[in-house]
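Novice: no FASTA, just this:
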């Protein structure tokens, strides 16, 4: 294995949860070295945090534009190779665009952009750039999610009949039920958060999981939102009927007011021969059902799993994989792509996932607004 | 406790599963004595079966009409008090109607009728008759389902946000994927089975569970069916968006092609303060979730349960209640009603459940046919 | 199928839980008719209860001895064929003995006797009598327990390495922690309850389950009891090391002070090729594990199950079997035995189970008392 | 937070699983920098691996003794502060001893030593040294294990009645059943592996978990081993009765031939008021049971948890914690201890855990050998 890849980070300083997740994931397979960063727009805090985690101060920059400019002056052998963008959502697009235009690889937090229009522009930029772009649909990194994808690809389910995905959380309850809070929080302000709350933040993960595991595309959707209070009409809950071509239908359910649910992403895929059920909160248990045989429980680390699933498992069976391992697998995929190593299709979410995700989000809003009509999903 | 109730049975002879379920349920609480029957349209088989299960032959009749006529000649103190109708679906309506018109109580298998129109006529008949009519939505007999209903009534969830119910089975797979079978089986022939397969047979149970537990009414629905093959357009799968008034929305999911699912009825009810999750295949585990406290698992037989829930529990906690117990609870409710004993609301499903169920089924078909539009649910 | 079997009942009147369980079980497969009884030593209450459940009063007797005497005067074609003994423990032995000596079949509640000595005498009596004797180790009636037995017999686990069974309850807590209660309750009084509380009441079920499923015999045991308070030295908790011959060892764990446990009977059986795990509170889920394949979940009612397991399943897969079903299967086995129909070995627990059970109970006490030494299990 | 701690590593190079686990854990909280190492006794491989993971080559040493000698020459401000010992078992003792004698902190893989005698010597050395010594009983790092410990300390269970722990694996099956393999593998050779296989490797984790969570000490034990074949008498399975003082008893069950079990560490603790159940393979679900209230499921990251439990949780509830997080919490505890920061008792396993663990292992062997007698546990 060659030397570590030089990783730059924008955002994610201090107690940022997403910052921890990315740093740990970058370390897990010994592939990355954090080489430079703008952790924080406040230069003092930026430096302080860099010292705390031992990133050399000479590559800690005052702002994003300076960082790009200064790094470009360095010889390629020293220059940061890939940036992780962990900034507020509206900055993802301009930052990713500039980095791609300047020949950097990019790992971008979700949502990729704040509109489908931006997403398409970014896709164009990426096409010209020819560098690696990865979107952190983190949950696709779980070994058992990859096992589903591989087994479906190999025909284990036969023709798929139906897909049923859900992402339920209850976290927005204390906000939505408080009149002042719900009308001041950025999440529920379309100007700041974009056109959707529930579908934009979590529904799109369920959508991506559907396409990632089945290898099929959602062709059209019909959506009904719920918003609980008349004075705030951002979606905090919704159900999306989906059609995926030749008699394959399904449903994507999302909620941020599903009281008591924590991070309830789950998927069930029903095929002619067999079916899968998987839940994010018990990520190491994949259930395969059939009409004629006992249900089987697949777990990570066993030789009966596909190579792609095993690739993401570091310890023997029975040592629980968690969210860090899942994100680490995304980082591993990006590292191999940067090094030009061959690897499994699906090793990290791509620009295409980003564009389709934005198309899904905008589609749900359009369907709901126009009286629950069917809307096509592009990209 | 007074003497046993005289029970008459129509249908359900021989190896009939539904026959076993009703007989066992009628025995469980020592309330019923099978007094007369037409177990089978073939009189010889009818008598044979009666002998097998020790029902006196003098009350075994050649046919339904004779049975009604002969019983009416007996003094009231000997006459059959209540009939269980276990015949093919299309006979439910005329038999129930005649029985009600002649002053008998009725326990009727589901579906109550084959159309909403018939259902409304039966409801009128029942209103005039003033006797007991019970529809066997068996699953409402489970102690933990009753616990949900009681706690919701008492305000444990606060205002409800969202309801998510499903009933998934895979049993129609061997039929639907075989061209000859799918075009000859009565279940998928609208002339014989009525206008709906999946929603008519199982979706309606999920619908009933939603209304039974929440105490709310589904006001309108929007439905999309799936049928897998062009040559047979009966629904074998579908998703129904529902609206239940003041910002309460939800989804009912049904499938008969959900490979590997057995009898997957489940419900999740999300409220402002807390939520419930329950699954029919693990009927003794009721999960109550909140955003701030550990999830709680309610189980039958504990003093912390409501009276109504405990009423249906015969053994100490830890002795699994099964489907027989559940049906037995319905029979218990009917027995008490017949005896004029006071009891909890919801002790057995009523005519109103039947009418609303038919309205649901016809609504789903209408919504789907008309391009997935919203349809009102009556009754 | 021939006419119903004439069943006599001793004990189990009024609200007796064990009475309900036996009556329901006797009805479930349409095999028995309650023909005569002494439900209660108080003749008035006895008659009252008989009326309540519609047992003809002419076969309701003043006491057990009278009942036996009177029944013997009846022609065999009318005489009670089998008696269910549901009386307090110390009466099981004399009643069963007398019934067997007079040519009746017997279904006897557990414990069969109050000492191994009595058990051996009863076994001798039974041998001479040649009638059916069944002991209600109810849990052996579960379809998935029967599936374990059949698959083990067929070699599915290969040579067995280890058996681990437990029966944990918490119900004695409110008694044991109250000085007055623990020194007055009959359960903790060796004069009334026999020499053991925990092992005698529930440990012996776990012991029986071990022998029933594996087909192996426990050869010797070493036991350590716990009793919480110095002033009452009946076992309320204990662990039993067991040896089952050629390098097969295991452990049986019992407790009545396992706070929060309800009816926690469970077993794990580890073999060279595969293993089983099963829990009484989720009786429809049987887990089969191997080192190289996904764990498989067996459920009742599927064609992949053994004939013997399917025999006890009345409804399609997905309809939860409960404790009534389990007991009903024992009754079914007895009915067939009475009728001389051929049936699977293990269809109901026998005299031998009873003798071995008593030997187990006395063995645990002896082992503990003598300083945790190894004690042989006879029978 | 101050600068990162300088970490040295002995062993754990190349594909070593334990190497990955320690490196990731050291990174997760941004507390450590790998500063020097002897990853491999082969100097070329050692350097190669160092390059691969970007550890500067000037601190990569030819062997352990050289590393110690050279590091001691460096000024304290540059010197490695703490060493992780990941070498074969028999090297733990001499290496740990030398490091402690030279003023280094030590993180030592389990088993701490190969005998109780060595353990006691090491404890003496540690006492004199005054530096930090941590033993990697990794599973004590799980948030819900810490939650158990804190709640028990706070009296949530009342007086404890019984403890039941198990650690079941099946991994030794392919070795034990092959005559050649079982008589050549180092694990089953007492000269190489020490006196115990199952108890030494995994039983001791269950023992530590018992003492860690309850805060009680195992005073004495009685053990029975199983070894399957006469030609190899190392324990691959065993059950240990334990006594923990005033009427607290329990059982520790271990197996390496529990076919199909992966890493089945589990514990149940029964108290007068309530009880806990926890399983390592579903580490984020802690069940608290009582006789009178619904069972509660505690999960990481909620405000209802203790400070100590929350301290080890980096992401919001619903993001699964895995084995890396657990080990990372041990490393976090060591980092704070090195920095002299105050922290919760139980933040990492100590020398005392090591000595008691060795006493447990030797005790089980002595008990079994001497005919299953009671043996005291020291330390």
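Specialist: Cool, got the structure. The structure presented is a predicted model; accordingly, all values stated were derived computationally and were not measured.

Novice: C-alpha only now, for contacts and for neighbours.
Specialist: Fine.

Novice: Near chain B, which residues of the stretch 201-350 of chain A are found?
Specialist: Within the stretch 201-350 of chain A, the positions near chain B by Cα under 8 Å from any Cα of the partner chain are A:224, A:226-229, A:239, A:241, A:247-251, A:257-261, A:270-275, A:289-292, A:295.

Novice: Buried ones among the residues you listed?
Specialist: Among these, the ones that count as buried by 16 or more other Cα atoms under 10 Å in any protein chain shown are A:224, A:226-228, A:239, A:241, A:247-251, A:257-261, A:270-275, A:289-291, A:295.

Novice: burial count for residue A:77?
Specialist: Neighbour count for residue A:77, taken as other Cα atoms under 10 Å in any protein chain shown: 8.

Novice: quick one, what contacts the residue nearest the centre of chain A?
Specialist: The centroid of chain A falls nearest to residue A:137 when counting by Cα atoms, centre = their mean (1.6 Å). Listed by Cα atoms under 8 Å, 6 or more residues apart in numbering or on different chains, the contact set of residue A:137 reads A:110, A:205, A:208, A:349.

Novice: Also residue A:372?
Specialist: By Cα under 8 Å, 6+ apart, the neighbours of residue A:372 are A:222-224, B:373.

Novice: in which helix or strand would I find it?
Specialist: Assigned by DSSP states H and E, residue A:372 falls within no helix or strand.

Novice: chain center to stretch A:190-209: distance?
Specialist: Relative to its parent chain, stretch A:190-209 has a centroid offset of 11 Å by Cα atoms, centre = their mean, to the nearest Å.

Novice: State the mean pLDDT of it.
Specialist: In this model, stretch A:190-209 has an average pLDDT of 92.

Novice: If you count neighbours, what's buried in it?
Specialist: A:193-209.

Novice: Could you tell me the end-to-end distance of it?
Specialist: 25 Å (Cα to Cα, to the nearest Å).

Novice: Kindly report the same for stretch A:362-376.
Specialist: End-to-end for stretch A:362-376, by Cα to Cα: 10 Å.

Novice: Quick check: buried residues in it?
Specialist: Per 16+ other Cα under 10 Å, stretch A:362-376 contains these buried residues: A:362-368, A:372-376.

Novice: Repeat that for stretch A:207-220.
Specialist: A:207-214, A:217-220.

Novice: Touching, residue A:143 and residue A:326? I think so.
Specialist: Yes - taking contacts as Cα atoms under 8 Å, residue A:143 lies within contact range of residue A:326: 7.5 Å.

Novice: Which one of those two is surrounded by more residues?
Specialist: Per other Cα under 10 Å, whichever of residue A:143 and residue A:326 has more neighbours is residue A:143, with 29 against 23.

Novice: Chain D versus that one, what's the distance?
Specialist: 13 Å (Cα to the nearest Cα, to the nearest Å).

Novice: With residue A:59 instead?
Specialist: Taking Cα to the nearest Cα, one finds residue A:59 at 17 Å from chain D.

Novice: correct me, but that residue touches residue A:39?
Specialist: No - assessed by Cα under 8 Å, residue A:59 is found out of contact with residue A:39, at 11.3 Å.

Novice: neighbour count winner among those two?
Specialist: Neighbours were counted for residue A:59 and for residue A:39 using other Cα under 10 Å; residue A:39 has more, 29 against 19.

Novice: List the contacts of the more buried one.
Specialist: A:9-14, A:46, A:49-50.

Novice: Same question for residue A:308.
Specialist: A:143, A:146-147, A:150, A:344.

Novice: Which one of the residues you listed sits in the busiest neighbourhood?
Specialist: Counting neighbours by other Cα under 10 Å, residue A:143 leads the contacts of residue A:308 with 29 neighbours.

Novice: Might you report the residue contacts of residue A:330?
Specialist: By Cα under 8 Å, 6+ apart, residue A:330 lies in contact with A:136, A:138, A:140-141, A:347-349.

Novice: Would you double-check that it falls in a strand?
Specialist: No - read with DSSP: H, G, I helix; E, B strand; the rest coil, residue A:330 is helix and lies in no strand.

Novice: how close does it get to residue D:321?
Specialist: Counting by Cα to Cα, the gap from residue A:330 to residue D:321 is 17 Å.

Novice: Next: residue A:25.
Specialist: 13 Å.

Novice: Common neighbours of those two, please.
Specialist: Looking at what touches both residue A:25 and residue D:321 (by Cα under 8 Å, 6+ apart), the common residues are residue A:324.

Novice: how about the residues of chain A near chain C?
Specialist: So far as Cα under 8 Å from any Cα goes, chain A lies against chain C at A:292-299, A:302-304.

Novice: Okay then, goodbye and thanks.
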